[in-house]
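Engineer: output the structure for:
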Amino acid sequence: MSFQIISPTIDIIMFAAILGAVSIIVQIKFLNWKKTRQLQRSIQEKNKKAMELMKKGDEHSKKEAEELQKQVMADMGEQFKNLPKQMIISLIIFLPPFTLIRIYYGDSGYLVHLPWDIPLLGAKWGWLKLYFVSGAIISLALNFIIGKLEEKGMI
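Structural biologist: Sure thing, here's the model as predicted:
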C-alpha cells in the first residue's frame with residue numbers, strides 16, 4: 001500500500017520530527033524531566049572529575065575517584081528507576097504511528113540515494129533507515145534547543 005502527503009521522504013522526516021517533539025513533551029510533562037537532566041549533568045561532572053583524579057595517579061586521588069564512581073552508579077540507578085515507565089509510554093506513543101509508517105511507506109523502496117557511502121549506513125536508505133537517521137538528528141536538535149531554553153529558565 002502506498003501513500004504520501006508530500007513525498008515519502010519528506011513525509012517520513014515530518015513524522016520523525018512530530019514524534020520527536022511529542023516524545024520530548026511527554027518527557028517534560030510526565031517523567032520528571034528536570035530531575036533527569038540534573039542527574040545527567042551530575043553524572044557527567046562526576047565522571048569528568050574522576051578521570052582527572054585517575055590521571056594524577058596517587059593513592060588518595062585514586063580512592064576519591066572510586067568514591068565518585070560509586071556516586072555515579074547510585075545516580076545512574078536513580079535515573080533508571082523511570083526507565084520502565086518511560087518505555088511503556090514510548091510504546092504507546094510510537095507503536096501506532098510507526099506501524100502506520102511501515103504499512104504506508106514500507107514498499108516505497110529506497111527513498112534516499114546518496115552519492116557516497118556513509119559508514120554503517122550506506123548510500124541507499126529505505127523508510128526505516130531514513131526514519132531513524134532523521135529522528136536522531138531531529139532529537140539532537142530538539143534536545144539542544146530545550147537545553148538552551150532550560151538554561152534561560154524558560155522551562
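Engineer: mind telling me what element the residue nearest the centre of the chain is part of?
Structural biologist: For the chain, Ser139 is the residue whose C-alpha lies nearest the centre (Cα atoms, centre = their mean; 5.9 Å). Taking DSSP states H and E as the definition, one finds Ser139 inside helix 127-151.
Engineer: strands along this structure, start to end?
Structural biologist: With DSSP state E applied, the chain shows strands at 112-118, 122-125, listed in chain order.
Engineer: report the buried residues of the last one.
Structural biologist: The reference is to strand 122-125. With burial defined by 16 or more other Cβ atoms under 10 Å, the residues of strand 122-125 counted as buried are Trp125. Just so you know, the C-beta spots here come from the backbone N, C-alpha and C atoms, and that holds for glycine as well.
Engineer: that one pairs with which strands, and in what direction?
Structural biologist: With DSSP bridges as the test, strand 122-125 is paired with strand 112-118 (antiparallel).
Engineer: list of residues touching the partner strand?
Structural biologist: Applying Cβ atoms under 8 Å, 6 or more residues apart in numbering, the external contacts of strand 112-118 come out as Thr9, Ala123, Lys124, Trp125, Lys129, Leu130.
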